[in-house]
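# What would the 3D arrangement of this be:
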Amino acid sequence: NAEDHEFLRSACQRFGLWYSKAGNGVSHPTHMQRFGIPGKTMVGSDSHTPAGGSLGMLAIGLGGIEVAMVMAGEPIYLQMPQIWGVRLTGELPAWVSAKDVILEMLRRHGVKGGVNRIIEYYGPGLAQLTAMDRHVIANMGAELGATSTVFPADGQVRAFLRAEQREEDFVELLADEDAAYDVTEEIDLSTLEPLIALPSSPGNVVPVREVAGQDVEQVVVGSSANPGLRDFAVVAAIVHGRQTHARVSFDVNPSSRQILQDLTKMGATFDLVAAGARIHQSGCMGCIGMGQAPAAGSVSLRTFPRNFPGRSGTQEDSVFLCSPETAAAAALTGQITDPRDLTRLLGIDYPKVELPDMSSVNAAMLEAPLAADQGGRVELVKGSNISSLPDFGPLPDRIEAPVALKVGDDVSTDAILPAGAAVLPYRSNIPKLAEFTFSQLDETYPARALATKDDSGHIVVGGANYGQGSSREHAAITPRYLGLRAVIAVSFARIHWQNLTNFGVLALEFADPDDYRRVEQGNVLVLEGVRDTIAAGAEIQVHNATRDEHFVARHRLSDRQVAMLIAGGLLPWLRGQNEKPTT
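As a prediction, this is how the structure comes out:
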């Protein structure tokens, strides 16, 4: 909302940061166009930050509090991941594009396949993939659970930077001839076909031909997962001179104002509008549930990275993830259609899109940092809905608390704390935001959890890959505000595991995954001597007082994280570190 924009602008002015105005575009492609530099490391408070790997950066998504810590001069801490080398050979056939490459990875490995891994793509197949094609693949490495994705900085990257009038930033970075990887894999691009992710997980991938024929009510093109000029231009070329199906709402979200300007110069915007497209402002829009919510039960095809239940803004949604080619085919036919069939059905040959050699560099909505002496005089603009983070106390030495909620596998941060038009305006108001916590899974949770806050607190039990998806740290903050003391899960997604620790929530994993089935919602769990136990080793005994049973849980905390957790989280720990006398 406008209050948040004013607050962010004043914060950028005060602390010496670049500010991208509302409507300027999605952060990842906008950063890539104006700021990305090969060979640099980058952290960002969004799980799709690894899109920067398309330029040969090592880009990693973190919670916002850790990014702020980095800006204040602190290092980041990560457990060393495995390096997963993926060799690409061959060339993509007609009607198959970069989105199908990452969907193939998800088809093979699902949403957990990249956990605790960095993916490096290499091989002769890279020659065909532009920097923006690589952005598509690196972006959705997050859906595999990967820590990051890296591409070489080669001639394609140089061409991109030249088009952005930044060729001087190019640094060549190529894989060594004898490079070795912890895990290896090969994809022959010539064997790929159009793929699609079924509701409601990016990992539910099948060939488009297997689900062809289903009626479609909405098609949306855009997002950080297909942000390139080519991604929009190929759609415009496919629908050129035709009308989209009468039943279909055909929405186009340009990824940046620069892309919109180039599309307009090329005449592609005219083709899209003439075909019936609804052109929206540059931004994430429906990808985060801000508008474009589909009708309940209707089919929506989107070139987005995620289709978790309810993320679209509609609880009973049916969202499919696909390439721009598949999206355009559905917009014309009104059905899920293998785009290769467009030649037979409508006489459309695969278009060869000619892109301009130079981009329309547009930095009009980027505000440069103020000088330090000027910034220091800027007052933060805090509207009525912007408040400070709550203070959280230290970790208690004894936890005796009920299991307020038990959830299954692959619960996303969207399920823990939804986004969308009803929720996002309260992002800076934790007490109000907390009312939406787990509301998609159990609308009684906030009130029940809050009732435990001043007494015992409560525990959440989860399945495998708990907290996958968006890096939103609010999915850790709001349950903590409601009294969450511990989450015991079969396994965790990396960023959410870090966020829980950062805000003083004990994240434990079942030593025996079968014990997950023996704990029920409402059971009272007891953990004794918590502080000394987690400091002394990885295992802790948990007593299920309701069933009079014991099981073992484990943590993966470093010594630093143990100290941080005992202090109540990252902020109290940093405050304590800064208050220590120096010698």
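
# Which segments of the protein make up each domain?
The chain breaks down into these structural domains: 1-17+369-385, 24-191, 195-346, 399-579 (assignment by automatic domain parsing).

# Highest mean neighbour count out of the ones you listed?
Compared across the domains of the chain, domain 195-346 shows the largest average neighbour count, a mean of 22 (mean count of other C-beta atoms under 10 Å). C-beta coordinates here come from the backbone N, C-alpha and C atoms, glycine included.

# and that one, average pLDDT?
For domain 195-346, mean pLDDT rounds to 93.

# Ok, stretch 365-384 next?
Taken as a whole, stretch 365-384 has an average pLDDT of 92.

# Would you mind telling me which of the domains of the chain is nearest Ala363?
Comparison of these against Ala363 by C-beta to C-beta identifies domain 24-191 as nearest, at 6.3 Å.

# okay, how far is it across that closest one, tip to tip?
38 Å (C-alpha to C-alpha, to the nearest Å).

# want to try TSV for the domains of the chain, with distance to Asp391 as columns?
As requested, the domains of the chain are exported to TSV (distance: least, C-beta to C-beta, whole Å):
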stretch	distance to Asp391
domain 1-17+369-385	18
domain 24-191	14
domain 195-346	29
domain 399-579	8
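
# among the ones you listed, which is nearest Phe392?
Distances from Phe392 to each of the domains of the chain were compared by C-beta to C-beta, and the smallest falls on domain 399-579, at 4.8 Å.

# returning to what we had before: ok, which of the domains of the chain comes nearest Glu354?
Taking C-beta to C-beta as the criterion, Glu354 comes closest to domain 195-346 out of these, the separation being 8.5 Å.

# what's the closest of the domains of the chain to Pro356?
Here domain 195-346 is closest among the domains of the chain (C-beta to C-beta), at 6.6 Å.

# and of the domains of the chain, who's closest to Val361?
With distances scored as C-beta to C-beta, the stretch of these nearest to Val361 is domain 24-191 (5.5 Å).

# average pLDDT for the closest one?
According to the model, domain 24-191 has a mean pLDDT of 96.

# and Asp514, that's in a helix?
Yes: according to DSSP: H, G, I helix; E, B strand; the rest coil, Asp514 belongs to a helix.

# do you know how far it is from Ala538?
To Ala538, Asp514 is 19 Å away according to C-beta to C-beta, to the nearest Å.

# surely Ser256 meets Met32?
No: applying C-beta atoms under 8 Å, one finds Ser256 not in contact with Met32, separated by 9.3 Å.

# which stretches of the stretch 351-500 of the chain form helices?
Under the criterion DSSP state H, counting those that start in this stretch, the stretch 351-500 of the chain contains helices at 372-375, 413-416, 430-433, 445-452, 474-481, 494-502.

# Now tabulate those helices in a markdown table and tack on distance to Val252.
Formatted as a markdown table, the entries for the helices of the stretch 351-500 of the chain read as follows, by distance: least, C-beta to C-beta, whole Å:
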| stretch | distance to Val252 |
| --- | --- |
| helix 372-375 | 37 |
| helix 413-416 | 24 |
| helix 430-433 | 31 |
| helix 445-452 | 37 |
| helix 474-481 | 29 |
| helix 494-502 | 30 |
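
# Out of these, flag the one nearest Leu272.
Distances from Leu272 to each of the helices of the stretch 351-500 of the chain were compared using C-beta to C-beta; the shortest belongs to helix 413-416, at 29.1 Å.

# what's that closest one packed up against?
Other elements packing on helix 413-416 under the criterion 3 or more C-beta pairs under 8 Å, 6 or more residues apart in numbering; DSSP states H and E are helix 474-481.

# so how far is the helix it packs on off the chain centroid?
Helix 474-481 has its average C-alpha position 18 Å from the chain's average C-alpha position, going by C-alpha atoms, centre = their mean, to the nearest Å.

# And the helices of the stretch 351-500 of the chain: which comes nearest Phe232?
The closest of those to Phe232 is helix 413-416. By C-beta to C-beta, the value is 25.9 Å.

# Just the CA trace of that closest one, in CSV.
What follows is helix 413-416, C-alpha atoms only, in CSV (Å, rounded to 0.1, in the frame of the first residue of the first chain):
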residue,chain,number,x,y,z
THR,A,413,5.0,-20.3,3.7
ASP,A,414,1.9,-19.3,1.7
ALA,A,415,0.0,-21.8,3.8
ILE,A,416,1.6,-20.6,7.0
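
# would you list every one of the helices in the stretch 1-150 of the chain?
When assigned using DSSP H, counting those that start in this stretch, the helices of the stretch 1-150 of the chain occupy the ranges 2-15, 27-34, 64-71, 98-109, 131-139.

# Show me the one of those that comes nearest Glu168.
With distances scored as C-beta to C-beta, the stretch of these nearest to Glu168 is helix 27-34 (13.7 Å).
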